[in-house]
Structures are given as structure tokens and as C-alpha cells.
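Chemist: Okay, structure incoming, though there's no sequence with it:
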């Protein structure tokens with residue numbers, strides 16, 4: 001089965017899962033440690049989504065904080081209505 005390519009126009013409407021992880025601290029010093037930490041973070045995010053963060057009223061529409069293995073705030077994720085680039089209601093890093 002052929003894959004359908006997502007066109008740029010398709011990114012401007014609908015719903016999207018947004019994820020931002022900043023990789024500029026000691027747990028991301030080199031490629032090997034970065035791979036390990038990113039994989040750990042992604043597994044943790046997936047588990048929180050699947051288990052509703054251990055909270056019955058968990059809402060994916062609100063940005064959730066991502067912490068690295070040392071407890072530092074390194075990012076955010078959420079399920080959001082996609083907004084055209086430049087919409088000031090989104091954090092700059094997630095608009096671009």
C-alpha cells in the first residue's frame with residue numbers, strides 16, 4: 001500500500017500532537033546519552049498518554065510538562081487544534 005504524503009496545506013487545519021524537547025543539558029552531552037534520554041522521555045510521554053497520567057480527568061489539550069531524568073523541565077506536549085503559523089496563542093517554539 002502506498003503512503004500518502006502530507007501536504008503543507010494539510011498542516012494548517014485539524015488536530016496535531018505537538019511535542020517539544022530541549023536537549024541542551026548534561027543528559028544530552030553526546031549522541032549516545034541523547035538517544036538514551038530521548039527514548040526514556042518518549043516512553044514516559046507515551047505511558048502518560050495511555051494511562052491518562054494516572055488521573056481520570058487528564059486532558060491532552062493542555063500542555064503537559066516533560067522532565068528529564070534529573071527532574072529538569074525540558075519540554076511540553078499536547079494535542080492541539082492546528083493553527084496557522086504566526087498565531088500568538090501558541091508558544092513561539094511550537095508555532096514555527
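Modeler: It's in. For clarity, every value in this text was computed on a predicted model and none was experimentally measured. Numbering: from 1, shown residues only.

Chemist: ok, and the closest non-adjacent residue to residue 22?
Modeler: Closest residue to residue 22 apart from its sequence neighbours, by C-beta to C-beta, 6 or more residues apart in numbering: residue 74 at 5.0 Å. Yep, even glycine has a C-beta here, placed from its N, CA and C like the rest.

Chemist: The host helix or strand of the one you found pairs with which strands?
Modeler: Residue 74 is part of strand 73-81 when elements are defined by DSSP states H and E. Within its sheet, and counting by DSSP bridges, strand 73-81 is paired with strand 15-21 (antiparallel), strand 64-67 (antiparallel).

Chemist: which stretch in those strands has the least confidence?
Modeler: Of all the strands paired with strand 73-81, the minimum mean pLDDT falls on strand 15-21 (a mean of 87).

Chemist: and whichever helix or strand comes after that one with strand 15-21, angle?
Modeler: Using DSSP H and E, the helix or strand that follows strand 15-21 in sequence is helix 31-50. Between helix 31-50 and strand 15-21, the angle comes out at 140 degrees (axes from the mean of the first three to the mean of the last three C-alpha atoms, to 10 degrees).

Chemist: For helix 31-50, buried residues please.
Modeler: Residues of helix 31-50 classed as buried: 37, 41, 45, 48 (neighbour count, 16 or more other C-beta atoms under 10 Å).

Chemist: what about the residue lying closest to the last one once chain neighbours are set aside, how many neighbours?
Modeler: Distances taken as C-beta to C-beta, 6+ apart put residue 64 closest to residue 48, at 6.9 Å, once the chain neighbours are dropped. By the criterion of other C-beta atoms under 10 Å, residue 64 has 17 neighbours.

Chemist: same check, this time on residue 72
Modeler: Around residue 72 there are 12 residues (other C-beta under 10 Å).
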